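1. What follows is a predicted protein model with its sequence.
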Amino acid sequence: MLALHATWALDHHLHLWAEDAAAFEARRRRTARRTPKVPPHPWAAPAGDVARAFESANAGDADLAGRARPGRLTLCLPGDKAAPWPSPRIAAAPQGDAVSTGVEPWTIPTLAFDPQAAIRLLLGGTGWSGEAFGDASLDHLAATVLFALDVAARGRFLPGLVPTRDGRGFEARWLPVPG
């Protein structure tokens, strides 16, 4: 079983990634040593496995699956230096006083979707099969897309100015007016 996650990255793409329950169980009893500067997530599913799960769950939309490209992200995840904590779909987080809590960087293989494909993916919902289940990140991003479409459909936006990234000026933008 795969636990699917999503994040919107600075490259303006939706990145879909997954934790592999079988890989977690296989690694659970081993002690990990952290050697690389930003190590690979120990039970992240390879992008090819995520693609196959996505294709089987969305068999009616081959075009959407074909628009994904393999990617790689570094994400800061809760856990300790030995391993990130598994998502609730995989296993419960460690409990007790001996557990050190922190956030550590991990390298994750992903499937990257351009913005148009990402909106189709999030609005279409996914009929995830028995081998893959979405998590709260997918639900949150879908709700965000619905909110943005609602704001646009109701004309709830005004022109405004926002500071540029370098802080030396301003850029014109349409700004949402919730309500």
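-> Nice, I can see it. Numbering: from 1, shown residues only.
2. Now do the helices in this protein.
-> Listed in chain order, the helices of the chain (DSSP state H) span 21-28, 47-57, 62-66, 115-124, 136-153.
3. How much space separates the residue nearest to His41 when sequence neighbours are not counted from Leu10?
-> Once flanking residues are discounted, His41 sits nearest to Trp106: 4.2 Å by Cβ to Cβ, 6 or more residues apart in numbering. C-betas here are computed from N, CA, C, even on glycine. For Trp106, the distance to Leu10 (Cβ to Cβ, to the nearest Å) stands at 17 Å.
4. For Arg168, the count of nearby residues, please.
-> Residues within reach of Arg168, counting by other Cβ atoms under 10 Å, total 7.
5. can you give me phi and psi for it?
-> phi -100, psi 10 (degrees, to the nearest 10).
6. related to what we said a few turns ago, could you double-check that the residue nearest to His41 sits in contact with Glu19?
-> No: here Trp106 does not reach Glu19: they are 10.8 Å apart, not a contact under Cβ atoms under 8 Å.
7. anything in contact with each of those two?
-> 41, 44 (Cβ atoms under 8 Å, 6 or more residues apart in numbering).
8. Between those two, point out the one with more neighbours.
-> Taking other Cβ under 10 Å, Trp106 and Glu19 do not tie; Glu19 has more neighbours (24 against 19).
9. Just the strands from the protein, written as ranges.
-> Counting by DSSP state E, the chain has strands at residues 2-8, 14-20, 69-79, 102-113, 132-134, 157-163, 170-176.
10. thinking again about what came up before, residues touching the residue nearest to His41, list them.
-> 38-41, 44, 74-77, 84.
11. any idea of the pLDDT on it?
-> Looking at Trp106, its pLDDT stands at 93.
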